[in-house]
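Q: Fold the following and give me the result.
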Amino acid sequence: MSRINSQHPIGVFDSGVGGLSVLRAIRAQMPAESVIYFGDQAHIPYGPRPMAQIQAFSEAITRFLLGQGAKIVVVACNAASASALAYLRQAFREVSFVGMEPAVKPAAEHTETGVVGVLATPATFQGALYASVVERFANGVTLLQNPCVGLVQQIEKGDLSGTVTRKILEDALDPMLEKNIDTVVLACTHYPFVIPLIQEVVGQKVRVIDPAPAVARQTKRLIEANGMTRAADGRGEIRFFTSGNAESLQSLLPALLGETGHVSGIRWDENRVLLGA
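A: Here you go, the predicted structure:
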């Protein structure tokens with residue numbers, strides 16, 4: 001870690017735009033930090049993909065972020081965290097990683113009806129990380145799960161409140177409401193962007209848990225503990241990279257992130273990430 005210094009950026013990656021919800025929380029808590037954001041939109045969604053494939057993508061992206069000088073890597077994708085976080089920590093022992101953990105613990109602690117809804121992609125539900133969280137924290141609580149098929153793609157298109165998006169959420173949440181949920185856990189980083197619509201469907205009495213602020217706090221703790229806090233006035237810069245359409249991602253930044261920036265296209269060469277789409 002000797003080559004890393006406090007002025008280096010935070011690396012953040014996701015299969016697409018979902019990780020922008022985590023980046024938004026990082027910006028709110030650590031505005032002076034610079035960030036490199038990578039959206040692997042050529043391979044979205046990660047959710048239905050085999051674990052080994054997600055691990056290969058995640059390893060290549062991590063190597064790219066480290067090559068760009070990242071001092072810490074935030075796996076801002078629940079599917080990648082479920083499939084690849086342990087693998088990445090083994091492969092890059094000198095690197096600090098922050099991943100996504102489904103917020104089952106706070107949901108179980110605060111539910112009054114004892115029934116909690118969990119929205120996530122298939123890779124998250126099938127992963128050992130989710131099973132471990134459920135085993136440790138969900139005793140005595142009924143978890144109702146739904147993968148919200150198609151929702152990630154709707155959010156990738158910027159459709160946060162349209163008819164199709166609403167229908168996906170109603171199909172997932174209405175049966176849960178009939179079983180008396182009082183809490184909804186968002187275990188996909190894309191889903192916080194439709195919290196207003198989710199709240200419309202479930203009503204204001206149902207609590208919706210966005211994990212992004214907790215991930216940003218953990219990132220901040222690790223940076224401070226390692227003496228890597230960036231000393232700077234003003235806001236740090238963000239560099240955006242995508243393996244998909246750079247113009248499309250750039251057009252979504254104001255609505256999803258609340259700020260904009262230049263997006264560079266990259267391309268995949270087998271399991272390597274190369275600049276220049």
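Q: can we go C-alpha only for contacts and neighbour counts from here?
A: OK.
Q: residue boundaries of the strands in the stretch 51-200 of the chain?
A: Ranges of strands in the stretch 51-200 of the chain, per DSSP state E, counting those that start in this stretch, are 72-75, 97-98, 115-120, 142-146, 183-187.
Q: Neighbouring strands - and their directions - for the second one?
A: As defined by DSSP bridges, the strand partners of strand 97-98 come to strand 72-75 (parallel).
Q: Same question for the third one.
A: Based on DSSP bridges, the strands next to strand 115-120 in the sheet, each with its direction, are strand 142-146 (parallel), strand 183-187 (parallel).
Q: which of those strands is buried the deepest?
A: strand 183-187 (a mean of 26; mean count of other CA atoms under 10 Å).
Q: What lies in contact with that one?
A: 78, 101-104, 107, 111, 115-121, 124, 192, 206-211 (CA atoms under 8 Å, 6 or more residues apart in numbering).
Q: residue boundaries of the helices in this protein?
A: Secondary structure of the chain by DSSP state H: the helices cover 20-29, 51-67, 78-91, 104-110, 122-126, 128-137, 151-156, 163-178, 195-202, 212-225, 246-257.
Q: Include mean pLDDT when you put those helices into CSV, please.
A: Conversion of the helices of the chain to CSV gives the following (pLDDT from 0 to 100):
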stretch, mean pLDDT
helix 20-29, 96
helix 51-67, 95
helix 78-91, 93
helix 104-110, 93
helix 122-126, 84
helix 128-137, 89
helix 151-156, 94
helix 163-178, 98
helix 195-202, 97
helix 212-225, 95
helix 246-257, 95
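Q: I'd like the ones you listed written out as CSV, with distance to residue 188 and mean neighbour count added.
A: Shown next, in CSV, are the helices of the chain (distance: least, CA to CA, whole Å; neighbours: other CA atoms under 10 Å):
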stretch, distance to residue 188, mean neighbour count
helix 20-29, 10, 21
helix 51-67, 15, 19
helix 78-91, 5, 22
helix 104-110, 13, 18
helix 122-126, 8, 21
helix 128-137, 12, 15
helix 151-156, 9, 20
helix 163-178, 14, 17
helix 195-202, 12, 17
helix 212-225, 10, 17
helix 246-257, 15, 17
